[in-house]
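Novice: next comes the sequence, and after it the predicted model I'd like to discuss.
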2 protein chains.
Amino acid sequence: MVQKLNTAERAELASTLPGWSMVEGEDAIRRDFTFEDFVQAWGFMAKVALLAQAQDHHPDWRNVWNKVQITLSTHDAGGLSARDVKLARAIDAL
Amino acid sequence: MVQKLNTAERAELASTLPGWSMVEGEDAIRRDFTFEDFVQAWGFMAKVALLAQAQDHHPDWRNVWNKVQITLSTHDAGGLSARDVKLARAIDAL
């Protein structure tokens, strides 16, 4: 069973994942990305898809032309877990 | 300038695009797709991305693991246009 992040781990999020913010009313983190156009946005999404599949952890994400919004949470944990932090860090490293 | 669909064209939608429904409060159409898993959903999305790029008309879409929700509307027309119908039909033909 995947564990939810504890208080200390949550306190670290602001420094380890500065680009991400908590989603209001949900135990999830979110980041908005803006690209030059759809081709650039899609190229990014293709990389994220490979990361997600490799980590067997998938985002809730939305795309409108040059914009990609990624929301991460762990269904099995009922909220944020280390799997979300891992995927968010991998996405940030792209 | 892209024109919004007229009344006669809208009346045809139910028969030409039976899988799509109007979005409440928006002049847009939407369809939900469910696949076996993320790989299948992503494969479908990759095809839709190529169609969208070829038609220079892009969806507002969301994916969560095996689910893909596609919303179509034409920004330049301020609502549904023939471009949405064309893309929706191409997606249905996949």
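Specialist: Right, received. Where do you want to start?
Novice: which strands or helices does the longest helix belonging to chain A pack on?
Specialist: Longest helix of chain A, by residue count under DSSP state H: helix A:38-55. Helices and strands touching helix A:38-55, by 3 or more Cβ pairs under 8 Å, 6 or more residues apart in numbering or on different chains; DSSP states H and E, are strand A:60-64, strand A:67-72, helix A:82-92, helix B:38-55. (Glycine included, C-beta is placed from N, CA and C.)
Novice: save the ones you listed as a markdown table, and put in distance to A:Trp42 too.
Specialist: Output for the helices and strands packed on helix A:38-55, formatted as a markdown table (distance: least, Cβ to Cβ, whole Å):
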| stretch | distance to A:Trp42 |
| --- | --- |
| strand A:60-64 | 8 |
| strand A:67-72 | 9 |
| helix A:82-92 | 15 |
| helix B:38-55 | 5 |
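Novice: of these, which approaches B:Gly78 most closely?
Specialist: strand A:60-64 (15.8 Å; Cβ to Cβ).
Novice: what's in contact with that closest one?
Specialist: For strand A:60-64, contacts defined as Cβ atoms under 8 Å, 6 or more residues apart in numbering or on different chains pick out A:28, A:41-42, A:45, A:48, A:68-73, B:58-64.
Novice: show me which of those are buried.
Specialist: A:28, A:41-42, A:45, A:48, A:68-73, B:58-64 (16 or more other Cβ atoms under 10 Å in any protein chain shown).
Novice: for chain A, what lies in contact range of chain B?
Specialist: Residues of chain A lying close to chain B (Cβ under 8 Å from any Cβ of the partner chain) are A:38-39, A:42, A:46, A:49, A:52-53, A:58-65.
Novice: quick check: the farthest pair among those residues?
Specialist: A:Gln53 and A:Trp65, at 24.1 Å, using Cβ to Cβ across those.
Novice: so which of these two has more stuff around it?
Specialist: Counted by other Cβ atoms under 10 Å in any protein chain shown, A:Gln53 and A:Trp65 do not tie: A:Trp65 has more neighbours, with 17 against 14.
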